[in-house]
Structure formats: C-alpha cells, structure tokens
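Pasting a predicted model and its sequence here:
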Amino acid sequence: MDNKQQIDQLFKSVVENYELKPSADVWNRIEEDLNQNKTTHTSATIVRYAAILLVIIGVTFFALPVSKNTPISLQGNAIDQNQPISALEPITTTSALIVSDNNTVVAQIPETVNRTIVDDVLESNLNTFASNVIPFHNQESDFIFMPQETENEALADANRDIIDRIYNNDQSIDVFGFGELTSYEDDEEAQLIQPDKAITYKDYSMKGVYIGASGSYNQTSIIEYGNTFKGARPIQPSLKFGSSKGLMLGYNFNNKFGIEAEFIYNAIQGQNYVMSEDEQIVEKSLSLNYDLIPVVAKIKVGRISNITNMPVVLNYTAGIQYGMLREARLPQDKRYEETTEELFTDQDLSVVLGLEYDIFVQENLMLTLGTRGAISTDISTHSGPLSYYNKRNFVFGLRAGLSYAFN
Amino acid sequence: MKRINPAATYTDEQLIRQSVKGERVAQKFLYERFAAKMFGVCLRYAPDYQIAEDILQEGFVKAFKNLDRFRFEGSFEGWLRKIMVNTAIEVHRRKNLLYPIVDVDNHDVELFDENALEKLAADDLLQMIASLSPGYRTVFSLYAIEGFSHKEIAEQLNISEGTSKSQLARARYILIEMVEQRTGIKRKASGQ
C-alpha cells in the first residue's frame, strides 16, 4: 500500500460508517415534496409518445379512406378516359351497362366484347336513356346506364326494357356489372348479376423492382446504459433533430412481401445536452455523421384507395442497418479537451423497425410516407473521458420517398 | 410488558414493497431506518449541516419516487447510498459550487504515524472534509470514500481526468496539513 492509499484508507475507515441523526424537520419536508409530486411522470416522455401516436394516426387517416364498394375503374379501351365519371353519379348502388356511341354495347368484365345491336327497340331505348340521363352525352362518347326512378315515362320504359334484357341474359347486350342490382319489380332477382367486380389489390401485381429517392427527419439521441439515474447527472439531454437523404432499391416478391436496400448519405445523428458551465446554462451539440445502409424486409397489406383508385400498401418493415461514421463533431466541452483518442466506433449495426405507406400516385409511381426507428450496437470505443458507459444511437422519425416501379 | 418498536417488526423488503404503493407510514419507517446512515454520507459532500440536510431530503424524495426500480438484487442500503451520492453531485453542480478548477502541482504525500489519526474522532475528520473547498471535497469523497475512478469522477463532474487527479492530490495535501495542526504530530520524514 503506498502512502496515498493509506491516507485515503484511514479517512475512509473512520468516516465511511459515520452516522448522525438529522433534524426531525427533514422528514416533514420529504413528506411535503412527496405530496406535491404525485403525478409528475416526466412530461417530456408523455409528449414524445403522444407525438409518435399522432404521426401514426395521421398517416393512417391520410392513406386509408377506402370504401368497401369501390367504383369501377374506367381503364381499358372501351371508354373515353377523358369523360368525367363523376358527372354520372349516383353510381354506387346499381348495375351499369356501358354503351358506345355507335350503338355497340361494350362490356369490360369479364372480358371485352363488342356486339352489334340488332334490336331497334333497344337502340331507341338506349337513345332515350342517353338523351335524358346523360346531358352531356354526345355521339362521340360512351356512357353508363343506370336504372333509376323517374317520372319520365319514356325513360322509365327504357329502364325497364334494359333491365329486362339484363335479367333475361339478352345476348344483344352485355353487362359491365358491379354492385347490387335492385330490381324495380322483384328484389329476389337482384342476384342475377354478380357483385364484387370492383378492382381489388389482388388485381394489381406488385412483383418487380423499384428504385427511388428518400428523405427523413429524425429525432436523434445517444442512449447511455449503466448509469443509475440519468436525472441525477449534471448533464441533461435535450432534443436534437437531424435529416438525411438516400437512394433506395427494392424488390417485391409478390403483393405481400418485399425487400429494400437503401444508401443514406451523411445522416446527422448525435445528442444535444444542456449543462452549466462557468455559471451559465449552455446547450451543446454532439454531432455524429453517418453513411447508412439499411436492408429491410417488408410485409405488405394492400388496399385500393377511393381517392386515387390505386393501391395503397401498408408496409411493416424490419431489418438491419450498417452504419459508417464519417465524422464526429465534438462540442467545446472541458471533458473533451484532453481527448486525442477516437471516442466512437467507425462502424456499427442497428436494428430498424418501421411502419410505412406506399401510395401509388400513378401506375408506376409510388409515394412512401411513414415512420422508422433504429437502435444501434454500442458505439463507444471505451477510451477517453466519456467512455465509461455503453452508448447507442437511437433515431426515430418521419420518412418519405418517391419510387418508380418497373412492373 | 415489553415495548415493541413497530417499525422494527418489518423487514426492509416489506417496507419497500409497501412504500412503492405509496404507504406513507412505510415510507416513514424506511426513512427512519436509513436516515442516520445516509446523513453521514451527505455530510461528506456538504460544507454544513444545512446543505447536508437538503441533499438528504432531495435524495430520499428521489428514492421514493424511483423505488419501483429497486429490484431487490443488491443491498437496499447500497442503492440508497448511490442515490445520495448522485444527488450530492447534482446539488453541487446546481449551486455552481464547483469552483473553476486550476491544476496544481502534485504533492507527494508522506505517511503519518498511524497513532496520529487514532486521536481524531470521525467528527473532526468530517469537519476537515467539510472545510475543504467544494471541488476538493467532492473529488476526495468520491475517490477516497466511495471508490470512484478518476474516469468516473471526470464524467460525473464534467471535468477532465487530469483535473480530477490534481484536485485529489491537493485535497490530500490540505487534509494532511489540517491533521498536523490538530494533532501537533508532524509527518514522518521522507525516505524513512
């Protein structure tokens, strides 16, 4: 034992087990504090979780206004696509028949067929229907037939005739049917036309490669393990935000499963903290800039949005992220002054979890919106003054991207 | 008839479990059981009784609020002691008691005759520690009594390791001078 240790030891042995009863007042003060602080769960934590919840709810509401009875999509060759379908409402509750202007009835489901109408009565009824129901109908375009209640006798007759033909499987017309047909005579016959011909997610194929660009905005922090109480430390963490941008390459095996890799260039991570220095309260920022390569698997749940008539796909993502430290910007802080060693590891791995929506805005163009979080392996080199505890990057934020799908 | 102190009939664990539920009586028994020991800890980090009591109060409030985190794995006393030390450091920082630290030359400390210290009571030694400037007092107590490393002290007090080392050396030097004055016993000459 050298001299120094002996001095310490002697003091320690005398002082360590010293006991003294504090004044009786102390308990009263403790009791007062406990009464005051019954509900002080750290409000910052609550606010944080509320924000996360709001983001998830917001994204969900934005992406999923999907009706059960999706109106038919007018794609294909039979119909002039410029014709505003919305002008034909109400469209959702009855069967429909598409008739082209040259007296040809066109059906698209289950297959496109053209038949010549040989029946004069039908032709005249269709014309009646056309001239009464669809004001903007002209000889150049197609229209949709909808049986509906009317005071107009000629129109009612035309309705009746066409519906009779539908019920009787008249070969001169074909049915572009969806929804439920309600007979004006007898509801029991309404099932003649099969419902559920609306386009569903299954009608699209997601299989194939896509490429895109992405950006994210994150709250970043460095989580430290091993410290008994963070609140007891002289340094208080504060919020730090960082953004990143990247390029992504993905492949969907089918409509339910896909994989995606991304290269994120110079993502800003790290931690802000507040401390007192020279009798001032100051905020410091520790910035860690990374190049990141996340590889995630995606489980996809898709539907057709009634806003876009295109698929909206909810992706549950999980994967691994490889991180390469580009640069560590240390704050002006006494603790770093004597540091010449590397404090943070060059490379780390993270676990990534996310919830993202792919929203198709065009046939091959996909907008991605969602949230992602990642937590890394220990990034401390365990050298230098700050290295006593394990440290991990924790990043959570919003992510958006735009991709082109080759399928 | 034998008088029984009701607090003494409960084990630590029983009191802790009741305290977690917010039972005020259990909390009071728990406080009474450990207050004197913990006050002894707090005194090592405070210049006077008043501030030591402030640390004790804040430490116990913190302990009661976080009591559900105690997993009955280590000793409760050790857990409580850790909280008191952390609270002392926090109070110390908050009050800006850590003077701007100037590195001092390392003083080689020479050994006392052991009899010298035996003549001093714990009260006297605590009084000496209390009379140190806050930075010296904190570094000395953390290192010599709590057994922190310089690395840990540097991190906790937001100073460099080198500063922690020089503070400790300076604190030892001052304490020795005080012991000399109090006891009238001189250090052994170097080299003996």
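Structure's in. What do you need?

the domain parsing of chain B - what is it?
Domain ranges of chain B: B:7-94, B:114-183, per automatic domain parsing.

JSON lines for those, including mean neighbour count?
In this view, the C-beta of every residue, glycine as well, is placed from N, C-alpha and C. Formatted as JSON lines, the domains of chain B follow (neighbours: other CB atoms under 10 Å in any protein chain shown):
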{"stretch": "domain B:7-94", "mean neighbour count": "19"}
{"stretch": "domain B:114-183", "mean neighbour count": "19"}
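
Could you dump these into a markdown table and include mean pLDDT and distance to chain A?
Shown next, in a markdown table, are these (pLDDT from 0 to 100; distance: least, CB to the nearest CB, whole Å):
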| stretch | mean pLDDT | distance to chain A |
| --- | --- | --- |
| domain B:7-94 | 88 | 3 |
| domain B:114-183 | 84 | 4 |
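
between those, which gets nearest to residue A:21?
Comparison of the domains of chain B against residue A:21 by CB to CB identifies domain B:7-94 as nearest, at 4.9 Å.

and that closest one, how far from the chain's centre?
Chain-centre distance of domain B:7-94: 13 Å, with CA atoms, centre = their mean, to the nearest Å.

Strands of chain A, start to end?
Under the criterion DSSP state E, chain A carries strands at the ranges A:97-99, A:104-107, A:113-116, A:143-145, A:208-224, A:236-238, A:240-252, A:257-277, A:280-304, A:311-329, A:347-362, A:365-376, A:391-406.

out of those strands, nearest to chain B?
Chain B sits nearest to strand A:257-277 of all the strands of chain A, at 6.3 Å, using CB to the nearest CB.

so the closest one versus strand A:280-304, what angle?
Relative orientation of strand A:257-277 versus strand A:280-304 (axes from the mean of the first three to the mean of the last three CA atoms, to 10 degrees): 170 degrees.

Return the set of buried residues in strand A:257-277.
Using 16 or more other CB atoms under 10 Å in any protein chain shown as the test for burial, strand A:257-277 gives A:258, A:260, A:262, A:264, A:267-273, A:275-276.

export these to TSV and tack on pLDDT?
TSV is the format used below for the buried residues of strand A:257-277 (pLDDT from 0 to 100):
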residue	pLDDT
A:258	94
A:260	96
A:262	95
A:264	95
A:267	92
A:268	90
A:269	91
A:270	88
A:271	85
A:272	83
A:273	78
A:275	71
A:276	66
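
hmm, back to that, would you mind giving the strands of chain A as a markdown table with distance to residue A:15 added?
Below are the strands of chain A laid out as a markdown table (distance: least, CB to CB, whole Å):
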| stretch | distance to residue A:15 |
| --- | --- |
| strand A:97-99 | 96 |
| strand A:104-107 | 97 |
| strand A:113-116 | 100 |
| strand A:143-145 | 94 |
| strand A:208-224 | 31 |
| strand A:236-238 | 31 |
| strand A:240-252 | 42 |
| strand A:257-277 | 29 |
| strand A:280-304 | 33 |
| strand A:311-329 | 41 |
| strand A:347-362 | 44 |
| strand A:365-376 | 42 |
| strand A:391-406 | 34 |
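
Put together a markdown table for the ones you listed, with distance to chain B on each row.
A markdown table is the format used below for the strands of chain A (distance: least, CB to the nearest CB, whole Å):
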| stretch | distance to chain B |
| --- | --- |
| strand A:97-99 | 68 |
| strand A:104-107 | 69 |
| strand A:113-116 | 73 |
| strand A:143-145 | 66 |
| strand A:208-224 | 10 |
| strand A:236-238 | 10 |
| strand A:240-252 | 19 |
| strand A:257-277 | 6 |
| strand A:280-304 | 10 |
| strand A:311-329 | 18 |
| strand A:347-362 | 21 |
| strand A:365-376 | 21 |
| strand A:391-406 | 12 |
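
hmm, back to that, for the domains of chain B, which one sits closest to residue A:370?
Among those, the nearest to residue A:370 by CB to CB is domain B:7-94 (33.7 Å).

Would you mind naming the residues that bridge with residue A:325?
Counting by DSSP bridges, residue A:325 forms beta bridges with residue A:290.

surely it meets residue A:288?
Yes. When contacts are counted by CB atoms under 8 Å, residue A:325 is listed as touching residue A:288 (6.3 Å).

Over to residue B:133: give its phi and psi.
Backbone torsions for residue B:133, taken as degrees, to the nearest 10, come to phi -70, psi 150.

ok, now how distant is the nearest residue to residue A:349 once chain neighbours are set aside from chain B?
In this structure, residue A:349 finds its nearest non-sequential neighbour in residue A:377, 5.1 Å apart by CB to CB, 6 or more residues apart in numbering or on different chains. Residue A:377 sits 21 Å away from chain B, going by CB to the nearest CB, to the nearest Å.

what pLDDT does residue A:377 get?
What the model reports for residue A:377 is a pLDDT of 91.

So it sits against residue A:350, correct?
Yes. Counting by CB under 8 Å, residue A:377 touches residue A:350, with 7.3 Å between them.

Could you check which of these two is surrounded by more residues?
residue A:350 (22 against 14; other CB atoms under 10 Å in any protein chain shown).

Does the more buried one touch residue A:321 like I think?
Yes. At 4.1 Å, residue A:350 counts as touching residue A:321 under the criterion of CB under 8 Å.

Pull up the overlap in contacts between the two.
Both residue A:350 and residue A:321 are contacted by A:292, A:294, A:374, A:376, under the criterion CB atoms under 8 Å, 6 or more residues apart in numbering or on different chains.

what's around the last one, how many residues?
It stands for residue A:376. Using other CB under 10 Å, residue A:376 has 22 other residues around it.

In contact with it: list those residues for me.
Taking CB under 8 Å, 6+ apart, we find residue A:376 in contact with A:321, A:323, A:348, A:349, A:350, A:392, A:393, A:394.

Are any of those buried, and if so which?
Buried by 16+ other CB under 10 Å: A:321, A:323, A:348, A:350, A:392, A:393, A:394, out of the contacts of residue A:376.

where's residue B:137, which helix or strand?
Using DSSP states H and E, residue B:137 maps to helix B:134-140.

roughly how far out does that helix sit from the chain middle?
Helix B:134-140 has its C-alpha centroid displaced from the chain centroid by 10 Å (CA atoms, centre = their mean).

Export that helix to PDB, keeping only CA atoms.
Extracted in PDB, the C-alpha atoms of helix B:134-140 (Å, rounded to 0.1, in the frame of the first residue of the first chain):
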ATOM      1  CA  PRO B 134     -16.300  22.200  -2.700                       C
ATOM      2  CA  GLY B 135     -14.300  20.900  -5.700                       C
ATOM      3  CA  TYR B 136     -11.700  19.300  -3.400                       C
ATOM      4  CA  ARG B 137     -14.300  17.900  -1.000                       C
ATOM      5  CA  THR B 138     -16.300  16.300  -3.800                       C
ATOM      6  CA  VAL B 139     -13.400  14.700  -5.600                       C
ATOM      7  CA  PHE B 140     -11.800  13.500  -2.400                       C
END
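
helices or strands up against that helix?
Here helix B:134-140 touches helix B:76-94, helix B:122-131, helix B:150-157, helix B:161-183, going by 3 or more CB pairs under 8 Å, 6 or more residues apart in numbering or on different chains; DSSP states H and E.
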